[in-house]
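Peer 1: predicted coordinates and the sequence they were generated for:
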Protein chains: 2
Amino acid sequence: MSYVPEAGIEQATLAEQSLQSVINEIKSVVGPSGWLSADADIAPYLCEQRGLYRGSTGLVVRPTTTQQVSKVMTICSRANVPVIPQGGNTGLCGGAVPPADGLNIVLCLSRMRSIRSVDPGNFTITVDAGCILAEVQQAADQHDRLFPLSLGAEGSCQIGGNLSTNAGGMQVLRYGNMRELTLGLEVVLADGRVLDCLRALRKDNTGYDLKQLFIGAEGTLGVITGATLRLFPKPVSVTTAYVSLPTLQSVISLLSLSRMKTGDQLTAFEFMPRFGVDIAVRNIHDIRDPLPGEADWYVLMELSSSVNDGHLDIMLETLLEDALEAGLIIDAAVASNDSQRAAMWRVREALVEAQKFEGASIKFDVSVPVMSIPEFIPEASQACLEVLPSVRPLAFGHCGDGNVHFNLAAPVDDDGRFGNWTPVFNTVVFDIVEKYRGSISAEHGIGLTKREALGVYKSDIELDVMRAIKAALDPLNTLNPDKVIPIRL
Amino acid sequence: MSYVPEAGIEQATLAEQSLQSVINEIKSVVGPSGWLSADADIAPYLCEQRGLYRGSTGLVVRPTTTQQVSKVMTICSRANVPVIPQGGNTGLCGGAVPPADGLNIVLCLSRMRSIRSVDPGNFTITVDAGCILAEVQQAADQHDRLFPLSLGAEGSCQIGGNLSTNAGGMQVLRYGNMRELTLGLEVVLADGRVLDCLRALRKDNTGYDLKQLFIGAEGTLGVITGATLRLFPKPVSVTTAYVSLPTLQSVISLLSLSRMKTGDQLTAFEFMPRFGVDIAVRNIHDIRDPLPGEADWYVLMELSSSVNDGHLDIMLETLLEDALEAGLIIDAAVASNDSQRAAMWRVREALVEAQKFEGASIKFDVSVPVMSIPEFIPEASQACLEVLPSVRPLAFGHCGDGNVHFNLAAPVDDDGRFGNWTPVFNTVVFDIVEKYRGSISAEHGIGLTKREALGVYKSDIELDVMRAIKAALDPLNTLNPDKVIPIRL
């Protein structure tokens, strides 16, 4: 677009006037407790948690009903004012940060927080989008059911955000991502109309499955206001092992064997390298190494069942004996009580926290087909070491889903400028991910962080179809504009 | 549209000329063995198996590669000639039947029949869309894996059709519908471009999940040419019970209890009324009633596991004891060998076959939330009896998914005109389904059969969004036009 100063100024003024009138209209819709505009009040809504992006907004609106969301969207759509939907604002890709020009409305769902209904017999729960994930877990638990989504931010992230980013987490291997956990959605469209796909059915082949469009769309196609989610029998027995393994290939072989020998009771299969365990033990005070030694790889595996008859323990024991006999594992520790189990999980969690004590990190949330992990990790590590020989690769993650958190810890003698290497390592790592037909964002989404990379690693045809869908559902481009879809060069 | 005879004739002639040139171009793309046009050859492609719809076509093209499909689509798109994709042509809603005017191309995928690769370690299989379902099951089995989709037509239906109708079948309770079994798709778009989403990843949050659009779209948004599907550990132990129950409520309570007490090993939970068992025994010669008696309801349940250590039998025994004690079941028979197991399944299968010996049927493939089944079935039955007191309602199906095959057998003294009641009963039954927020097509899809009903029971907003998606992906409306989406009144 060519630069026309006069018209530009005029347009900006028009946009500001339009925004002010929209703000006034919205205030009257949601009432005095439904909006925030004081600098101190709106500050938390303007940046993402790692401080990578900071935006500005005309108003933070916090509706309490789907009808209010609908009215807000209608008002904004008519005036062509962008709306930035926001849940718990715990995303890692800047997808909920408003643009810097401030000519927008932040639509925060946090006051829509009702558990609408729990149906234990149908194994479903229907909730407002603003419900905190942990609250949904608890509501299910009170009815002797499990809502299996579990991730680090569960105490503050919201279901709407979990849906919009198709959240994954620890138990995907057994229960699937947020997409697989969703039966129905209620969505407010860009123009304010309410799309009611809130059905609690496991089989429904009546035309296009529209709810799929909004899951993982990061608020660019509609505002999710409610959801019907799948529940599962609550596990009452759990058994956990921490094993050491000689090679990455043996990690993958153990995963296969575990799937075959545990009758779909495998809930977690997390892998870590020795270096990861070392930095956890070194930096976090309450860590006890469950298997001190010099093995290259460690796996934390867990089985769970809604039946408590001792059978899981027998299955795990048999599995570990078979694995030992086949030379897949070196040693194993089985948790004999809850505190031992917690101590094992503490290693896995501490690995994440411990990284910051080792200085800066450049982190990748990628996935490859499970069988490619033993090739991918050494190849990506080697390529990074060729670029910067003192970099310290650290790969761990949800092995069962092919999800590798491939991180690069700064050199020990980093002068504080390690972060500047990010674009270089992005290219190195993403190129290798692409070679294995993997994903450059397994769990966290695109937002702003990976938008340009998406332009490089998705085919033009995929991008064209994405743009066609965006244009069909948000023709004015008022819904979280400039997120996810790369700007056309 | 107003009627303009002159232009109409001219347009028809133009369309015929255009079709002829398209046919010639396509023939040169696919070679002599790639097309059929003789009346006898194309006859099977023109009607659906129940003979409800019969169409006409200019050419049946049978490409062998994705590139050929792409060229065919490009040619047809440029000339604005409709393309009707077809798999095994086993659909029950007329979704693969060409329009009667014959000014179209039928695109049959049956010669694209390669198992492209099996990756047992990643638990995935990648196949051409024209593979027969049973072949995919066999390929998985040869690698000690299970592809769990199983349905009556598995010997002739094709994966592309299974995907396009989001097929369900017997094991959805445990493994999900076709949608949940799909990791990646290769699709040829309306304009001939190839959309390659053929990734074998369990976690991939890189923008809109485009493959979801084509699953269940019945060939109206793109032509599926290949798919990467999820595999599971092959079950090596199975245990099956056939139980009698006093009420429909106890059927539902037994389902809940079974899910809780079997640690996600429940693979099937099929329910049948006494009347259903009676007509099976009465009409099919090789049926032995596993539990002769006068109970109102019967359930066939099956557990399976990839571990063979006798544990399933113990779980089932415990479950049945608990259920007996709680008064949920009257009696139970447990299969002690494969032939007893087969005999129990034979009752369930015979129930379907036996219906035709009882005269005409009007059949409904609906779903409601599981907990609503005990209200839905009596209410729908009563409403039908009020319309026609001599009608014989027969409700059975995949209880675990809320999927009720609600059928109406003709009165004993039917004069052959029972089918004329179809529109009346459609309204009666669908209205009650809608009241329970159910689905008027749980498994079979929309096609032509339920297209107008979709216009009645979907909201205008849902229909609008469906139309917007259709227009975005098939702007010329050349892909299976007039299917699924109701004609705007």
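Peer 2: Thanks, I have the structure now. Keep in mind the model is a prediction, meaning the values are calculated, not measured.
Peer 1: residues in contact with the nearest residue to A:Phe396 once chain neighbours are set aside?
Peer 2: Nearest residue to A:Phe396 in three dimensions, chain neighbours excluded: A:Met272, at 4.4 Å (C-beta to C-beta, 6 or more residues apart in numbering or on different chains). From N, CA and C alone the C-beta is placed, and that goes for glycine too. By C-beta atoms under 8 Å, 6 or more residues apart in numbering or on different chains, the contact list for A:Met272 reads A:Trp297, A:Tyr298, A:Val299, A:Leu300, A:Val347, A:Arg348, A:Leu351, A:Phe396.
Peer 1: also A:Asp331?
Peer 2: Residues in contact with A:Asp331 (C-beta under 8 Å, 6+ apart) are A:Val243, A:Ser244, A:Leu291, A:Gly293, A:Ala295.
Peer 1: got the residues you listed as a markdown table, with neighbour count, distance to chain B and pLDDT columns?
Peer 2: Output for the contacts of A:Asp331, formatted as a markdown table (neighbours: other C-beta atoms under 10 Å in any protein chain shown; distance: C-beta to the nearest C-beta, whole Å; pLDDT from 0 to 100):
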| residue | neighbour count | distance to chain B | pLDDT |
| --- | --- | --- | --- |
| A:Val243 | 25 | 18 | 98 |
| A:Ser244 | 22 | 21 | 98 |
| A:Leu291 | 16 | 25 | 96 |
| A:Gly293 | 11 | 27 | 91 |
| A:Ala295 | 19 | 21 | 97 |
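Peer 1: now those as a markdown table including secondary structure?
Peer 2: Formatted as a markdown table, the contacts of A:Asp331 follow (DSSP: H, G, I helix; E, B strand; the rest coil):
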| residue | secondary structure |
| --- | --- |
| A:Val243 | strand |
| A:Ser244 | strand |
| A:Leu291 | coil |
| A:Gly293 | coil |
| A:Ala295 | coil |
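Peer 1: pick the one among these closest to B:Asn477.
Peer 2: Checking these against B:Asn477 with C-beta to C-beta, the nearest one is A:Val243 at 57.4 Å.
Peer 1: and the closest residue to that closest one other than its chain neighbours, how many neighbours?
Peer 2: The shortest distance from A:Val243 to any non-neighbouring residue, by C-beta to C-beta, 6+ apart, is to A:Ala332 (4.2 Å). A:Ala332 has 21 neighbours, counted by other C-beta atoms under 10 Å in any protein chain shown.
Peer 1: which SSE is A:Ala332 in?
Peer 2: strand A:331-334 (DSSP states H and E).
Peer 1: report all helices and strands that the next helix-or-strand element following that strand contacts.
Peer 2: Sequence-wise, the next helix or strand beyond strand A:331-334 is helix A:338-354, with elements assigned using DSSP H and E. Packing partners of helix A:338-354 (3 or more C-beta pairs under 8 Å, 6 or more residues apart in numbering or on different chains; DSSP states H and E): strand A:237-245, strand A:266-273, helix A:274-283, strand A:297-305.
Peer 1: for the record, mean pLDDT for helix A:338-354?
Peer 2: For helix A:338-354, mean pLDDT is 94.
Peer 1: can you list contacts of the next helix or strand after that helix?
Peer 2: For helix A:338-354, the following helix or strand on the C-terminal side (DSSP H and E) is strand A:361-367. Residues outside strand A:361-367 that contact it (C-beta under 8 Å, 6+ apart) are A:92, A:355, A:394, A:401-410, A:418-419, A:421-422, A:425, A:429-430, A:433, A:438-444, B:201-204.
Peer 1: quick one: the contacts of A:Asp331 as TSV, columns for distance to B:Ser250 too.
Peer 2: What follows is these, written out as TSV (distance: C-beta to C-beta, whole Å):
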residue	distance to B:Ser250
A:Val243	45
A:Ser244	50
A:Leu291	50
A:Gly293	55
A:Ala295	53
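Peer 1: from those residues, which two are the most distant?
Peer 2: A:Val243 and A:Gly293 (11.4 Å).
Peer 1: picking that back up, the contacts of strand A:361-367, buried ones only, as a PyMOL selection?
Peer 2: Listed next is the PyMOL selection for buried residues among the contacts of strand A:361-367, using 16 or more other C-beta atoms under 10 Å in any protein chain shown:
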select buried, (chain A and resi 92+355+394+401+402+403+404+405+406+407+408+409+410+418+421+425+429+430+433+438+439+440+441+442+443+444) or (chain B and resi 201+202+203+204)
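Peer 1: narrow the contacts of strand A:361-367 to those in helices?
Peer 2: A:Thr422, A:Phe425, A:Val429, A:Phe430, A:Val433 (DSSP state H).
Peer 1: hmm, A:Ser381 and the third one touching each other?
Peer 2: No: look at A:Val429 against A:Ser381 with C-beta atoms under 8 Å: they stay out of range, at 9.8 Å.
Peer 1: which neighbours do A:Val243 and A:Gly293 have in common?
Peer 2: Common neighbours of A:Val243 and A:Gly293 (C-beta under 8 Å, 6+ apart) are A:Ile330, A:Asp331.
Peer 1: what residues does the stretch 201-350 of chain A have near chain B?
Peer 2: Neighbours of chain B within the stretch 201-350 of chain A, by C-beta under 8 Å from any C-beta of the partner chain: A:201-210, A:212-213, A:215-217, A:221, A:232-233, A:252-253, A:255-256, A:259-265, A:305-307, A:309, A:311, A:314-315, A:318.
Peer 1: so of these, which ones are in strands?
Peer 2: A:Phe232, A:Pro233, A:Ser305 (DSSP state E).
Peer 1: count of neighbours near the last one?
Peer 2: In other words, A:Ser305. 25.
Peer 1: beta-bridge partners for it, please?
Peer 2: Residues in a beta bridge with A:Ser305, per DSSP bridges, are A:Ser237.
Peer 1: try the second one
Peer 2: Using DSSP bridges, the beta-bridge partners of A:Pro233 come out as A:Arg145.
Peer 1: who's in contact with it?
Peer 2: A:Phe123, A:Arg145, A:Leu146, A:Ser306, B:Arg259, B:Met260, B:Gly263, B:Asp264.
Peer 1: the first one contacts A:Asp144, doesn't it?
Peer 2: It refers to A:Phe123. No: no contact is recorded between A:Phe123 and A:Asp144 when judged using C-beta under 8 Å, the distance being 10.7 Å.
Peer 1: the more surrounded of the two?
Peer 2: A:Phe123 (27 against 14).
Peer 1: per-residue confidence for the more buried one?
Peer 2: At A:Phe123, pLDDT is 97.
Peer 1: what's the residue nearest to it when sequence neighbours are not counted sitting at in phi/psi?
Peer 2: Residue nearest to A:Phe123 in three dimensions, not counting chain neighbours: A:Leu231, with 4.5 Å by C-beta to C-beta, 6+ apart. According to degrees, to the nearest 10, the main-chain angles of A:Leu231 amount to phi -110, psi 170.
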